[in-house]
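Asker: Structure for this input, please:
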Amino acid sequence: LAGGLQYLTFTHPDLLCSTIVCLHMHDSREPHLAALKRVLRYVCGTLDFRLQLYASITGSPVAYTDADWVGFLLPGGPHLVIVFLGDNILSWSAKRQHTLSRSSAEAEYRGVANVVAETSWLRNLLRELHTPLLSATLVYCDNVNAIYMTANPVQHQWTKHIEIDIHYVSDMVARGQVRVLHVPSRYQYADIFTKGLPSAFFEEFRTSLSVRSSLAQTAGCIISQYIYEYYLLICIRPVSMDVIRPKPIV
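Answerer: Numbering: from 1, shown residues only. The predicted model follows:
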């Protein structure tokens, strides 16, 4: 059951945080089973939710990145990436960092480096599809110190031990292909991948990820649903019922 959650995240990014239960499969306990049952209840209650894509004006990718410095109680907390293209979510991931960070700013900076690499690949892909992007990619981060580090490539005590390839971000910012901006934690959509949120925030962020109910409560949808149920009631009946059915034309 726990392994199956990873396949659900391909079309349900709102379940990405719940895959943390997979880390305890080798030594599972009763609390882990209770958490898994709760996730399954959520899945059963949202069977009509799915990832929906809409036609929109294709602009420059907009990305949100976040890092949980001490998350999951493991060395190298996870970094989260969400990339939007227009009004649709295009890419999302949650991976553990390979290197242990010494501060939250360093962890966030590594997350920014990962999302810049992801958006750079997307920009190259769109250019090969003859749809080049003329504006810079916007990357939103909620850590002010990490944003300062992207704009100031000077080596100092915060960054002198960081690998050189991480400073790829500063080069992309200097070339004008990426802009790293601050976003308040209230609007940090990547938080849905890192921690449990209040129901109101979770539902708002889930809708922002384009995960919506396929049975929208509109007048046209309700009428269509009634017509469909009436059709099933008339045409699909048990054989034991004495119903006059039309004879096939020979």
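
Asker: Now do the helices in the protein.
Answerer: Under the criterion DSSP state H, the chain carries helices at the ranges 4-8, 30-45, 104-128, 144-151, 168-174, 199-208, 219-235.

Asker: among these, which is nearest Val183?
Answerer: The minimum distance between Val183 and these falls on helix 144-151, with 9.9 Å, by Cβ to Cβ. Heads up, the C-betas are built off the backbone N, CA and C, glycines and all.

Asker: would you list the helices of the chain in a markdown table and tack on mean neighbour count, mean pLDDT and distance to His24?
Answerer: A markdown table is the format used below for the helices of the chain (neighbours: other Cβ atoms under 10 Å; pLDDT from 0 to 100; distance: least, Cβ to Cβ, whole Å):
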| stretch | mean neighbour count | mean pLDDT | distance to His24 |
| --- | --- | --- | --- |
| helix 4-8 | 14 | 78 | 13 |
| helix 30-45 | 13 | 83 | 5 |
| helix 104-128 | 20 | 85 | 23 |
| helix 144-151 | 18 | 82 | 30 |
| helix 168-174 | 18 | 84 | 34 |
| helix 199-208 | 14 | 83 | 22 |
| helix 219-235 | 10 | 47 | 41 |
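
Asker: Any idea which of these gets closest to Lys95?
Answerer: Nearest to Lys95, of the helices of the chain and by Cβ to Cβ, is helix 104-128 at 7.8 Å.

Asker: between the closest one and helix 144-151, how big is the angle?
Answerer: Orientation check (axes from the mean of the first three to the mean of the last three Cα atoms, to 10 degrees): helix 104-128 against helix 144-151 gives 50 degrees.

Asker: And helix 104-128, what does it pack against?
Answerer: If you count contacts as 3 or more Cβ pairs under 8 Å, 6 or more residues apart in numbering; DSSP states H and E, helix 104-128 packs onto strand 62-67, strand 78-85, strand 88-96, strand 137-141, helix 144-151, helix 168-174, strand 178-182.

Asker: roughly how far out does that helix sit from the chain middle?
Answerer: Centre-to-centre, helix 104-128 and its host chain are 15 Å apart (Cα atoms, centre = their mean, to the nearest Å).
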